[in-house]
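Trainee: Sequence plus the predicted model coming up.
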Amino acid sequence: MLTEGSIELLGLIPRSSNQTFLVQVTWGEDVGYAVYKPEAGERPLSDFEPGLYKRERAAYLLSE
């Protein structure tokens, strides 16, 4: 769904350390929700290298 579906931005998730958005993903008849963390909205953290947004995808791939 994430790679081929259409994505609609629903809103900003408040109180997160970086810009984090809730999106609705539609692929055919299937509808789901996801969290979107854009690279452009990332603020540097003292305990992580830049590219924190990549960690989310890595966690997903590992879980699969």
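Mentor: Received the coordinates, thanks.
Trainee: Correct me if wrong, but residue 22 is in a strand.
Mentor: Yes. Counting by DSSP: H, G, I helix; E, B strand; the rest coil, residue 22 falls inside a strand.
Trainee: hang on, it packs against residue 35?
Mentor: Yes. Applying C-beta atoms under 8 Å, one finds residue 22 in contact with residue 35, separated by 6.6 Å. (Glycine included, C-beta is placed from N, CA and C.)
Trainee: Need the residues touching each of those two.
Mentor: Residues touching both residue 22 and residue 35 (C-beta atoms under 8 Å, 6 or more residues apart in numbering): residue 13.
Trainee: which one of these two has more residues nearby?
Mentor: A count of neighbours by other C-beta atoms under 10 Å puts residue 22 above the other of residue 22 and residue 35, at 14 against 11.
Trainee: In space, what's closest to that one - neighbours in sequence excluded?
Mentor: residue 10 (4.6 Å; C-beta to C-beta, 6 or more residues apart in numbering).
Trainee: so the closest residue to residue 1 other than its chain neighbours bridges to which residues?
Mentor: By the measure of C-beta to C-beta, 6+ apart, the closest residue to residue 1 outside its immediate chain neighbours is residue 27, 4.3 Å from it. Beta bridges link residue 27 to residue 30, judged by DSSP bridges.
Trainee: list the contacts for residue 27?
Mentor: Counted by C-beta under 8 Å, 6+ apart, residue 27 has contacts 1, 4, 5, 6.
Trainee: Among the residues you listed, which one lies nearest to residue 58?
Mentor: The closest of these to residue 58 turns out to be residue 1 (C-beta to C-beta; 18.4 Å).
Trainee: Could you verify my assumption that that closest one touches residue 30?
Mentor: Yes. Counting by C-beta under 8 Å, residue 1 touches residue 30, with 6.1 Å between them.
Trainee: and these two? which has more neighbours close in?
Mentor: The residue with more neighbours, out of residue 1 and residue 30, is residue 1; 14 against 9, by other C-beta under 10 Å.
Trainee: What pLDDT does the model give that one?
Mentor: On pLDDT, residue 1 comes in at 87.
Trainee: for residue 8, same thing?
Mentor: Reported pLDDT for residue 8: 97.
Trainee: Who are the packing partners of the helix or strand hosting the residue nearest to residue 22?
Mentor: Residue 10 is part of strand 6-12, with elements assigned from DSSP states H and E. Secondary-structure packing of strand 6-12 (3 or more C-beta pairs under 8 Å, 6 or more residues apart in numbering; DSSP states H and E): strand 21-27, strand 30-36.
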